[in-house]
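> Give me the fold of what follows.
(2 chains)
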There are 2 protein chains.
Amino acid sequence: MLGDMLSADVLAEMNDYVREELIDLLAPEQVAELASELDTDDAVAIIEDMEEDDQQAVLEAMEPEDRAAIEDALSYPEESAGRLMQREYVAVPEHVTVGDVIDRLREDVDLATDFWEIFVVDPLHRPVGTCQLSWILRTPRDIAVSDVMKREQTLIPVDMDQEEVALRFQKYALISAAVVDKAGRLVGMITVDDVVHIIQEEAGEDILRLSGAGDGDINEPIAMTIRTRLSWLTVNLGTAMLAASVVGIFEGAIAKFALLAVLMPIVSGMGGNAGTQTLAVTVRAIATNQLTASNTLRMIFREFRIAAVNGLSLGVLIGTGTALIFGNPLLGVVIASAMLINNLVAGLAGILVPVTLDRLDVDPAVSSAVFVTTLTDIMGFFSFLGLAVLSGLTAMG
Amino acid sequence: MLGDMLSADVLAEMNDYVREELIDLLAPEQVAELASELDTDDAVAIIEDMEEDDQQAVLEAMEPEDRAAIEDALSYPEESAGRLMQREYVAVPEHVTVGDVIDRLREDVDLATDFWEIFVVDPLHRPVGTCQLSWILRTPRDIAVSDVMKREQTLIPVDMDQEEVALRFQKYALISAAVVDKAGRLVGMITVDDVVHIIQEEAGEDILRLSGAGDGDINEPIAMTIRTRLSWLTVNLGTAMLAASVVGIFEGAIAKFALLAVLMPIVSGMGGNAGTQTLAVTVRAIATNQLTASNTLRMIFREFRIAAVNGLSLGVLIGTGTALIFGNPLLGVVIASAMLINNLVAGLAGILVPVTLDRLDVDPAVSSAVFVTTLTDIMGFFSFLGLAVLSGLTAMG
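Numbering: from 1, shown residues only, chains lettered A, B, ... in the order given. Now for the predicted structure:
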């Protein structure tokens, strides 16, 4: 009964976890029927997350043609253009006229549900041009499509990562694009509505990854959420203990002059804040392809200058305040210097860590934060307490 | 010379700051000429950021018709549908046939550059339905458009905020949509390529706002970047001093038992980490309209459970470790209890603060982090040092 109530479109747009639970309740034949109503890309989205056995049962219950299209899609890596594309598209040879195209479209009942451009292909089925539907509609019937089409088009290789596909769609303001195999033959089409989800997810997931909150889906089973977050917090516990051990070196100095313990979290915390700012900007710039080989050095220098100005300003502020409140100018100089040092460390780490991770092909959003805040904690404690001891403050305290 | 080299399309797609610098170099007539080549939405994007005087000069150099369209757009609030829409669209009355539409499109040379659907309007110019171009192309000439069109369509009010527009486009997988005024009359059209930028920016800017990095544009003048970041850091300096003053209450206890100063940053820092996780998830859920009146209470309870499990686990871990390393079981119990308390505070604050700010119509991404981390710092220090004193640890130390 559930199967009858569900429209295939509704299923395709559902949250992953909600959909999985629903699909578990349906018979393979029902899932197969729903999937056949959809374009390949949406059908694949439903079937790819199923268990191996269930997947097989659904595929066996499908019509041979639909089944072949989905098995083909599943043969491409997850999150690639091949998974994302639909096999339903309109392609015509170069020599036909606009009138021929319109007649063909009127006759063919088995077309893609939605399409926004038609592809012009050569005899080997390689794209040679593209026509927006509005161009076809506005052109007299006897004109050849090769005179209407645009020859420059953005072709998507079938194995391209979906994040890269999304960036191309943004960069060239695409509505749809042809997908080609290694030999350059047209094998499918990606439309912008499928890419919009990816753009939103990719842009939004950096914040979740930086904070170690997994994919942050509020419909995720709670045990999974706890596991993801706890494992990240445990890593942070390790680094917090490392930072604490730096404080431990100065336990004697603190016992003599407890005011140091009162002020030290200000230095470490402010470094963490400044580092997080640089980190957020850098992670976004990397994700949007704005940070390139040619401007990285300039950006590092830019962050260094920002860190220097901010560190100096905050240092003067806290230094003057400390000197006045506690009537201890030397303590003011010590905390001001530590603040400047830690801001410089924060600014440099905030850009160098994610850039280095990115070069090493590690997602900078996932692991940068722990490196940067560990560094700013350690350097905050070490510079402040170290300078306090060196300056002879603890001897006088 | 620069004006001749620049194509209008290139200008429209440029980074804001780079474009501003370029436009400063051009004469108003050149800017006017470039702007007239574009659809209204792109022309507005170029002109809206100019100084009042320059804007006036450019508008005066434009053709009256283009000028009126742009002045109309500028009369809507920034970041509203009215700014985003183009005035070029295709609308036909209900009674025409598919053949009439095609003939009209072939004759009219002054159409929108790109369009993907045509709108069917009643005599008062109110939309009654929409036709994708592919439906027109696939239907025989003598069929009425009213038999082809879909009556249900997503209409965008002209004063809707662009973030809300972007969410509608995502939710209904739209390629384009009609914009209507208060009387329900069709006044413009928004296409998905203009929305894609917004989706990307809105999804990406939360991470920048949470960290207080402004809009994080790496092409922004450095003085502006410094000002934005420094003002945020200064706010954080204030809250850091507040947290330090809590430590100050316990200065005497720390002087007697300096190990407390070594361990206290672990409790406050871990609370900050846990709070940031919940905060990131909540801010994303609010931004994507997933957190609604009906599930907020359930989500608060969910975060509480996660905080309880994680706080207990981390507490046992650090408590056992502390007891063993320092041979002091009471110290272990104190740090474990403080860890649990601070995790609960972090989890609750991580969801309650952004939800409350959102209810008060304050952007939760901008101001949540400072509240949450201040709370976790203060509660971390207070619970740990307070319990240490209460338990009599400092008397023995």
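> now A:R83: how far from chain B?
Counting by C-beta to the nearest C-beta, to the nearest Å, the gap from A:R83 to chain B is 18 Å. Where you see a C-beta, it was placed from the backbone N, CA and C, and this is true even at glycine.
> Centre of the chain to the helix or strand harbouring that residue, how far?
Counting by DSSP states H and E, the element that carries A:R83 is helix A:81-84. A distance of 17 Å separates the centroid of the chain from that of helix A:81-84, by C-alpha atoms, centre = their mean, to the nearest Å.
> Who are the packing partners of the very next helix or strand once past that helix?
Elements were assigned by DSSP H and E; along the chain past helix A:81-84, the next helix or strand is strand A:91-93. Helices and strands touching strand A:91-93, as assessed by 3 or more C-beta pairs under 8 Å, 6 or more residues apart in numbering or on different chains; DSSP states H and E, comprise helix A:98-107, strand A:117-121.
> Give me the contacts around the longest one.
With C-beta atoms under 8 Å, 6 or more residues apart in numbering or on different chains as the test, helix A:98-107 has contacts from A:90, A:92, A:96, A:111, A:118, A:131, A:136, A:139-145, A:148, B:134, B:137-140.
> repeat for the shortest one
The set of residues that contact strand A:117-121 without belonging to it, under C-beta under 8 Å, 6+ apart, is A:89-94, A:101, A:127-133, A:136, A:145-146, A:149, A:175-176, A:178, A:186, A:189.
> Weed out the non-buried ones from those residues.
Among those, those classed as buried by neighbour count (16 or more other C-beta atoms under 10 Å in any protein chain shown) are A:89-90, A:92, A:101, A:127, A:129-133, A:136, A:145-146, A:149, A:175-176, A:178, A:186, A:189.
> Residues of the stretch 1-150 of chain A that sit close to chain B?
When proximity is defined by C-beta under 8 Å from any C-beta of the partner chain, the stretch 1-150 of chain A lies next to chain B at A:13, A:101-102, A:105-106, A:108, A:111, A:114-116, A:132-134, A:136-140.
> For ChimeraX, what selects the buried ones among those?
Selecting only the buried entries of these in ChimeraX, with 16+ other C-beta under 10 Å as the criterion:
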select /A:101,102,105,114,115,116,132,133,134,136,137,138,139
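> Skipping its backbone neighbours, what lies nearest A:H197 in space?
B:Q170 (7.1 Å; C-beta to C-beta, 6 or more residues apart in numbering or on different chains).
> Now do the same contact list for the one you found.
A:V196, A:H197, A:Q200, B:I199.
> Inside strands: which ones of the residues you listed?
The members of the contacts of B:Q170 all map outside strands under DSSP state E.
> And the furthest pair within those residues?
A:H197 and B:I199 (9.4 Å; C-beta to C-beta).
> the more surrounded of these two?
Set side by side, A:H197 and B:I199 show more neighbours around B:I199, with 25 against 17, by other C-beta atoms under 10 Å in any protein chain shown.
> pretty sure the more buried one is touching A:I199, no?
Yes: applying C-beta atoms under 8 Å, one finds B:I199 in contact with A:I199, separated by 5.5 Å.
> Look up how far A:L210 lies from A:V353.
Distance of A:V353 to A:L210, computed by C-beta to C-beta, to the nearest Å: 12 Å.
> Touching both of those two, which residues are there?
A:L279, A:S368.
> Mind listing what's buried along the strand or helix carrying A:L167?
In this assignment (DSSP H and E), A:L167 forms part of helix A:162-171. Neighbour counts over helix A:162-171 (16+ other C-beta under 10 Å) mark A:Q162, A:V165, A:A166, A:L167, A:R168, A:F169, A:Q170 as buried.
> closest to chain B among the residues you listed?
A:Q170 (5.4 Å; C-beta to the nearest C-beta).
> Distance of the closest one relative to B:L230?
With C-beta to C-beta as the criterion, A:Q170 and B:L230 are 32 Å apart.
> and if you look at A:A285?
20 Å.
> same thing with A:M85?
Separation of A:M85 from B:L230 (C-beta to C-beta): 47 Å.
> Of these two, which one has the most company?
The neighbour count for A:M85 versus B:L230, taken as other C-beta under 10 Å, is higher for A:M85 (28 against 20).
> So for that one, what's the nearest residue that isn't a sequence neighbour?
Residue nearest to A:M85 in three dimensions, not counting chain neighbours: A:G188, with 3.3 Å by C-beta to C-beta, 6+ apart.
> Who does that neighbour form a beta bridge with?
Beta-bridge partners recorded for A:G188 (DSSP bridges): A:V179.
> For it, give me its contacts.
A:T40, A:A81, A:G82, A:M85, A:Q86, A:R87, A:Y89, A:V158, A:A178, A:V179.
> Same question for A:N342.
A:N342 neighbours (C-beta under 8 Å, 6+ apart): A:V267, A:S268, A:M270, A:G271, A:A274, A:G311, A:T376, A:M379, A:G380, A:S383, A:F384.
> and if you look at A:I136?
So A:I136 contacts A:V98, A:V101, A:I102, A:I118, A:V145, A:V148, B:L137 (C-beta under 8 Å, 6+ apart).
> from these, which is closest to A:G332?
A:I118 (72.8 Å).
> give me the number of residues near that closest one?
Counted with other C-beta under 10 Å, A:I118 comes out at 26.
> Show me what it bridges to in the sheet.
Counting by DSSP bridges, the residues bridging with A:I118 are A:C131.
> And the pLDDT at it?
A:I118 carries a pLDDT value of 93.
> do A:R305 as well
96.
> so where's chain A uncertain?
Applying pLDDT under 70 to chain A flags the ranges A:1-6, A:13, A:109-112, A:396-397.
> Break it into its domains for me.
Recorded structural domains for chain A (assignment: automatic domain parsing) are A:2-75, A:91-207, A:212-396.
> looking at those domains, which is buried most?
Of all the domains of chain A, domain A:212-396 has the most neighbours on average by mean count of other C-beta atoms under 10 Å in any protein chain shown, namely a mean of 21.
> Next up, the contacts around A:G315.
Contacts of A:G315 by C-beta under 8 Å, 6+ apart are A:I335, A:A336, A:S337, A:M339, A:L340, A:N343.
> So what's the gap between the helix or strand hosting it and the chain middle?
For A:G315, the host element (DSSP H and E) is helix A:296-325. Relative to its parent chain, helix A:296-325 has a centroid offset of 31 Å by C-alpha atoms, centre = their mean.
> cool, and stretch A:193-200?
That offset, for stretch A:193-200, works out to 11 Å (C-alpha atoms, centre = their mean).
> same deal with stretch A:292-303?
Remark: stretch A:292-303 is offset 21 Å from the chain centroid, using C-alpha atoms, centre = their mean.
> ok, that stretch near chain B or not?
Yes: judged by C-beta under 8 Å from any C-beta, stretch A:292-303 comes into contact with chain B at A:N295, A:M299, A:R302.
> Check which helix or strand A:V128 maps to.
strand A:127-132.
> Which residues does that strand contact?
A:91, A:94, A:101, A:116-122, A:145-146, A:148-151, A:153, A:155, A:175, A:178, A:180, A:184, A:186, B:114.
> let's see it at 7 Å
A:94, A:116-122, A:145-146, A:148-151, A:153, A:155, A:178, A:180, A:186, B:114 (C-beta atoms under 7 Å, 6 or more residues apart in numbering or on different chains).
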